[in-house]
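1. here are the coordinates; sequence isn't available:
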């Protein structure tokens, strides 16, 4: 739904929230989905979620659904792809299908488990396997390392080392390139309720490169997303209003994008395990 962060785009599919395995009292829409830079907690055990983005058309004091946002539109709009995410019964992501305006698969991310932990990911585009992630864990079951490899030839591109604060409210990711040289650092911060609130990006020299911060409404859903540039100035602010299903997950959103002045109409559908 929301805007893709302009910082470190080449690594955006790697830099994600990495919490340990959990009972599926809720479902996290986060890593390896379009929401990896601002993860969202969904109510209940979600089996499948599909999200489609449209141009919003004014109608009185509200908006209605207009044309579907195309891949070409996104080149200038800088907006996330439509997608369908599928989860297993434990609340872990199985695959995320990125869709074009014709509901055809644009990109595909498939995750595979070993010993009940997600151990690898395969990234496919244009029916060709492009990248593989190999994931390892610490004794607490939290991700400790991700190695990103080019699929053919099998070559290391980047490696991320993950460190956690004592309360696990801050995750620090140290990324290096194939030579082991520093590439980027990321801090991901959560509040006392376990909600994501801020992600900070730093370059290979440790200089601040940008950030994204979020606020929530009284239902615990994202109400605003603020992006900051390398000088810590506000780059853009997106504001959201919603309609909800009986579970408490939103099914329609109106998103106002301060950067472009555009208004986006977003629809979601869900399938639940219970």
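-> Received it, and whenever you're ready, just let me know what you need. If you're wondering where the values come from, they're calculated on a predicted model, not measured in any experiment.
2. so what strands line up beside the longest strand belonging to the chain?
-> Counting by DSSP state E, the longest strand found in the chain is strand 46-59. On the basis of DSSP bridges, the sheet neighbours of strand 46-59 come out as strand 62-68 (antiparallel), strand 82-87 (antiparallel), strand 263-272 (antiparallel).
3. got a markdown table for the ones you listed, with mean neighbour count, mean pLDDT and distance to residue 245 too?
-> To be clear about C-beta, it is placed using only N, CA and C from the backbone, and glycine gets the same treatment. Converted to a markdown table, these look like this (neighbours: other C-beta atoms under 10 Å; pLDDT from 0 to 100; distance: least, C-beta to C-beta, whole Å):
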| stretch | mean neighbour count | mean pLDDT | distance to residue 245 |
| --- | --- | --- | --- |
| strand 62-68 | 14 | 97 | 17 |
| strand 82-87 | 22 | 98 | 16 |
| strand 263-272 | 18 | 98 | 7 |
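4. any chance of those in TSV, with distance to residue 144 too?
-> Below are those laid out as TSV (distance: least, C-beta to C-beta, whole Å):
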stretch	distance to residue 144
strand 62-68	40
strand 82-87	23
strand 263-272	32
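5. Out of the ones you listed, which gets nearest to residue 134?
-> Proximity to residue 134 (C-beta to C-beta) singles out strand 82-87 among the strands paired with strand 46-59, at 21.3 Å.
6. centre of the chain versus that closest one, how much separation?
-> How far strand 82-87 lies from its chain's middle: 11 Å, per C-alpha atoms, centre = their mean, to the nearest Å.
7. mind listing the helices for this protein?
-> Using DSSP state H, the helices of the chain run over 71-77.
8. pLDDT weak spots in it?
-> Residues of the chain that meet the criterion pLDDT under 70 lie in 1-24.
9. Quick check, residue 141 in contact with residue 115.
-> No. Using C-beta atoms under 8 Å as the test, residue 141 is too far from residue 115 to be in contact (10.3 Å).
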